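Enquirer: Predicted model and sequence below, questions to follow.
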Amino acid sequence: MCHALIYKKAKFIDQFVDYYQKARGRSNFPQKETGHLIKFLFPGSRYSGRGAFKTVHQISSRAKDLVLKTSHRKNIIRDWRTYCRIPDSIRNRYFAEIYWKTNYCLLQKWGKKVKVPEEMITKLRLVGRTYGLTDIRSDNIRKVDGHFKIVDANLSMRKK
């Protein structure tokens, strides 16, 4: 397994969230408390932002920039299904690699935020449309290992 130490800490975060929700009688995801725990478990981490559903914390291994995305279980599963919808043979060519997921965490390769050329956005949207992906825009594209890749997309709700 890639990044086994990070995986163990992510499983600890899962246990913390389960315990916290049960002890407090809450059903919503404790974003703020999880952020404090991530800062404690990964001292070199940085808060990278929050989207509509997920919070992103940038952590770094020795050679790669990685992000730990945290959210409700259904949002993590939705991201995993989106990634798995693209065939194995071309998946990591267009989509930033997702290493693994736990109940509330997902580890993904991350890149630099740079200005994305319009023709690259068009090309990635065409690939996304082929595999039923939506929400491919410049905010969801980063330069990973010298190539523009999608870091966040949604599954299309259209029935085929």
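Expert: Great, that's in hand.

Enquirer: Centre-most residue in this structure?
Expert: Nearest to the mean C-alpha position of the chain, by Cα atoms, centre = their mean, lies residue 69 at 4.7 Å.

Enquirer: hmm, who's touching the lengthiest helix in the chain?
Expert: Ranked by residue count, the top helix of the chain under DSSP state H comes out as helix 4-24. By Cβ atoms under 8 Å, 6 or more residues apart in numbering, the residues outside helix 4-24 that reach it are 1, 26-27, 29-30, 33-34, 37-38, 41-42, 59, 61, 66, 68, 70, 100, 102-105, 107. Where you see a C-beta, it was placed from the backbone N, CA and C, and this is true even at glycine.

Enquirer: Can you flag which of those belong to helices?
Expert: Reading helices off the contacts of helix 4-24 with DSSP H, I get 33-34, 37-38, 41.

Enquirer: Apply the buried test to the contacts of helix 4-24 and list what passes.
Expert: The neighbour-count test (16 or more other Cβ atoms under 10 Å) marks 29-30, 34, 37-38, 41-42, 59, 66, 68, 70, 100, 102, 104-105, 107 as buried among the contacts of helix 4-24.

Enquirer: Let me know the closest of these to residue 141.
Expert: residue 66 (17.4 Å; Cβ to Cβ).

Enquirer: Wait, residue 81 touches residue 155, no?
Expert: Yes: applying Cβ atoms under 8 Å as the test, residue 81 and residue 155 come out as touching, 6.4 Å apart.
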